[in-house]
Each structure stands twice: as structure tokens, then as C-alpha cells.
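Peer 1: Coordinates for the following, if possible.
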Amino acid sequence: MRLNPSPGTGKSPLDYGAGTRIGFQGEPGAFSEEALHELLGRYATGVPCPTWDATFASLIDGKVDALLVPIENSLAGSVLRVYDLLLEHGLWIAAETILKIEHHLIACRGASLDTIRSVESHPMALAQCERLLTDHPEWTRIPAEDTAGSVRRVIESGDVTRAAIAGFSAAGLYGGTILLDDIQDDKRNFTRFVLLLPDRRVVPGSDKMTLVMRLAHRPGSLLEALQPFARHGVNLLKIESRPIHGCPWEYQFFLDVGAESVEAMDEALFEVQQVTREIRVLGLYPAAAAVLDYAQVQGELQ
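Peer 2: This is a model prediction of the structure:
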């Protein structure tokens, strides 16, 4: 296995023009739509999909040209269903972007903190606002498919006992009233989104790689598989284990690695291939620029 840093089609995955269809999970106003515009500008057209399975199916069926999906959050961790679907459908990670997440408690007009009896949102959003929800045990938590859709349903109901957790865009789009703003547990709340394509394309200057590997069942196999990265100066950025479907108690490992040169990753990958049962590259792309302003965040926390 060798990496090829040259785009196979001669076209950068970020060279999308007006009318390009980008699928995302959720309804208009979702954080995924905001991240889509952050990465690709306003030229691409976002296509909302109701569920994760429907989102991935929209690309496989040719209804969209690419997908923009969240893969991990700095507070709540990985979006595990995305990892499973990424592997199942054989898609390619061509780019990433990181979005700062600010959650708000949103309700219809006439509602107040005293009238609220239930709060609904995506499970990840609920998990990121644990402190507020714990402080209000009288509020029933209602998991939903996405944040923006929760706001729409709450506003349409006109029920002052219901509230939703979502972003500012959703509140404005559906005419919701923000009862509390910035309610996430930590101001340093970021979600990483990845651009998924049905074919392999590589942006020049790519310095980050995502791969999945399966190991032999013997002592030291994981250590043996990781050592080539260290030898070639490739930084291990993340490792995530996921069950292998159909093989109870067997696991595969998803890795994010980075290096200053594709050649270093290429050499390490060649050696890793010799000591693993199976390995597959899922993407080669430029790492997203750092977005955390520590001085600003520190000021917000004080």
C-alpha cells in the first residue's frame, strides 16, 4: 500500500461551485449546516437528511455529491455511528473543519425557566449541557435526531413547557426565544466535521491521515503496529476501538495520524501493513487550523 498525494481526478475536493449538493444530518439551522458553510462557503447547497443512515444513503444513491458530518466532539467524544457508516460504505475523508459549539436553551414566546418541564435535543447536545440539566431535575430529557429539528418542533407546538437545546442559527430560523445562552458545560466546546466523498481525492499539502486496522490476536500486536509511526516521526493524534460486526469480542482500531510530509506517513504505513491482519486508509487531508484562542477562553472562564 502506497499513498498518492496527487488528486486522482485533478480536482480538489474543495473546488465546489454553486449547485454542488452537500448532504448533512439534521434540519436547516443545524450545526452541520453551519460547519458546511464554514468549510465550503455559501456556494455549496446543503441537503438536510433525517437520520445518519439516510445521510450516508443519499451519497451512495447519488442524491448528493458529498457529505459533511460530525465525527467527534471535544467534550462528548466520538460520534460512533459515523465511524461505523464510514467504514461500511467505503467513503473517503477529503477535508476537515472544526466548529466552536455554543448551545442555547430555546423555547417559544411566553415560556420562562419556571414553565419548562422538558428539554429535547440530540443526545450529544444533551450530554454537553449536563451541568444545567442536573441543576434542573424537574426537566425531562428527550433525545431527538438533531438540534435544529428540536427547536422547530418546540416552536410549532406553542407549548411553554417545552424547550430545546440548539445553536443561535436555529433559534433565529424558527423564531425561538433564547432563555439561556452558552449553556454548554465547557466554553472550550468544539466539534470536528469531515467532508466525505465517494471517490478518492487528495488536497495538495495534506498532512493528516485517517486509517483503520485489524490486528492479530497475540500479545504485543497493538504495540508492534504503532511503533513504525514513532520511528518515522508520525504523530499519533487519536486512536479509537470499535467492534468488528459479525465477530463478537473482536475489535478494529481507527487512527488519526499526522506528519510534516506524506512520505513519512507512507513509509510508516508500509511497515504497519507488514504486521497487521488488515489495514485501510480512509482519508488523507490537511489538518484543520487551530481554532482555540486560549487567552479569550481563559477570559470567558474567569
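
Peer 1: For stretch 191-199, buried residues please.
Peer 2: By 16 or more other CB atoms under 10 Å, the buried positions in stretch 191-199 come out as T191, R192, F193, V194, L195, L196, L197, P198. All C-beta spots, glycine's among them, are computed from the backbone N, C-alpha and C.

Peer 1: And the closest residue to T51 other than its chain neighbours, what's its pLDDT?
Peer 2: Residue nearest to T51 in three dimensions, not counting chain neighbours: E145, with 6.2 Å by CB to CB, 6 or more residues apart in numbering. pLDDT, E145: 88.

Peer 1: give me every residue that touches E145.
Peer 2: Each residue near E145 by CB atoms under 8 Å, 6 or more residues apart in numbering is listed here: Q25, G26, P50, T51, H122.

Peer 1: Show me which pair in the residues you listed is furthest apart.
Peer 2: The distance between the two most remote of those (CB to CB) is 12.5 Å, for P50 and H122.

Peer 1: Show me which of these two is the more surrounded one.
Peer 2: H122 (26 against 13; other CB atoms under 10 Å).

Peer 1: Please report how far that one lies from D146.
Peer 2: 5 Å (CB to CB, to the nearest Å).

Peer 1: so what sits against both of the two?
Peer 2: G26.

Peer 1: The residue lying closest to T45 once chain neighbours are set aside: what's it in contact with?
Peer 2: Ranked by CB to CB, 6+ apart and with sequence neighbours excluded, the top spatial neighbour of T45 is R21, at 5.4 Å. Contacts for R21 (CB under 8 Å, 6+ apart) come out as A44, T45, V47, K63, V64, D65, A66.

Peer 1: Now restrict those residues to buried residues only.
Peer 2: A44, V47, V64, D65, A66.

Peer 1: who touches stretch 212-228?
Peer 2: Outside stretch 212-228, the residues that reach it (CB under 8 Å, 6+ apart) are 87, 234, 236, 244, 250, 252-255, 267-269, 271-272, 275-280, 282.

Peer 1: Give me the ChimeraX select line for these, limited to the buried ones.
Peer 2: In ChimeraX syntax, the buried subset of those is picked out as below (16+ other CB under 10 Å):
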select :87,234,252,253,254,255,267,268,269,271,272,275,276,279,282
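
Peer 1: Next step: the contacts of stretch 212-228 restricted to strands.
Peer 2: L236, Q252, F253, F254, L255, E278, I279, R280, L282 (DSSP state E).

Peer 1: could you dump those to TSV with pLDDT and distance to H103?
Peer 2: Output for the ones in strands among the contacts of stretch 212-228, formatted as TSV (pLDDT from 0 to 100; distance: CB to CB, whole Å):
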residue	pLDDT	distance to H103
L236	96	31
Q252	93	32
F253	96	31
F254	96	27
L255	97	30
E278	93	39
I279	95	38
R280	95	35
L282	96	29
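
Peer 1: and the two most separated of those?
Peer 2: Once CB to CB is applied, those give L236 and E278 as the farthest pair, at 19.0 Å.

Peer 1: which strands and helices sit next to the longest helix along the chain?
Peer 2: Counting by DSSP state H, the longest helix found in the chain is helix 262-275. Packing partners of helix 262-275 (3 or more CB pairs under 8 Å, 6 or more residues apart in numbering; DSSP states H and E): strand 208-214, helix 221-231, strand 278-285.

Peer 1: Of those, which is nearest I165?
Peer 2: Using CB to CB, the nearest of the helices and strands packed on helix 262-275 to I165 is strand 208-214, at 29.2 Å.

Peer 1: tell me the angle the closest one makes with helix 221-231.
Peer 2: Angular relation of strand 208-214 and helix 221-231 on a 0 to 180 degree scale: 160 degrees, by axes from the mean of the first three to the mean of the last three CA atoms, to 10 degrees.

Peer 1: what lines up beside strand 208-214 in the sheet?
Peer 2: Within its sheet, and counting by DSSP bridges, strand 208-214 is paired with strand 251-258 (antiparallel), strand 278-285 (antiparallel).

Peer 1: who's in contact with the last one?
Peer 2: Right, the one you point to is strand 278-285. So strand 278-285 is contacted by 1, 3, 5, 86-87, 91-96, 194-195, 202-203, 206, 208-214, 254, 262, 265, 269, 272-273 (CB under 8 Å, 6+ apart).

Peer 1: For stretch 43-57, buried residues please.
Peer 2: A44, G46, V47, P48, C49, W52, T55, F56, A57.

Peer 1: Just the ones of those residues in strands?
Peer 2: G46, V47, P48, C49.

Peer 1: follow-up on the earlier one: just the C-alpha atoms of the longest helix of the chain, please, in PDB.
Peer 2: Written as PDB, here are the backbone C-alpha positions of helix 262-275 (Å, rounded to 0.1, in the frame of the first residue of the first chain):
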ATOM      1  CA  VAL A 262       3.300  12.400   3.100                       C
ATOM      2  CA  GLU A 263       6.500  10.400   2.600                       C
ATOM      3  CA  ALA A 264       6.900   9.900   6.300                       C
ATOM      4  CA  MET A 265       3.300   8.600   6.600                       C
ATOM      5  CA  ASP A 266       3.800   6.500   3.500                       C
ATOM      6  CA  GLU A 267       6.900   4.800   4.900                       C
ATOM      7  CA  ALA A 268       5.300   4.200   8.300                       C
ATOM      8  CA  LEU A 269       2.200   2.800   6.600                       C
ATOM      9  CA  PHE A 270       4.200   0.300   4.600                       C
ATOM     10  CA  GLU A 271       5.800  -1.100   7.700                       C
ATOM     11  CA  VAL A 272       2.500  -1.200   9.600                       C
ATOM     12  CA  GLN A 273       1.000  -3.200   6.800                       C
ATOM     13  CA  GLN A 274       3.600  -5.900   7.400                       C
ATOM     14  CA  VAL A 275       2.500  -6.500  11.000                       C
END
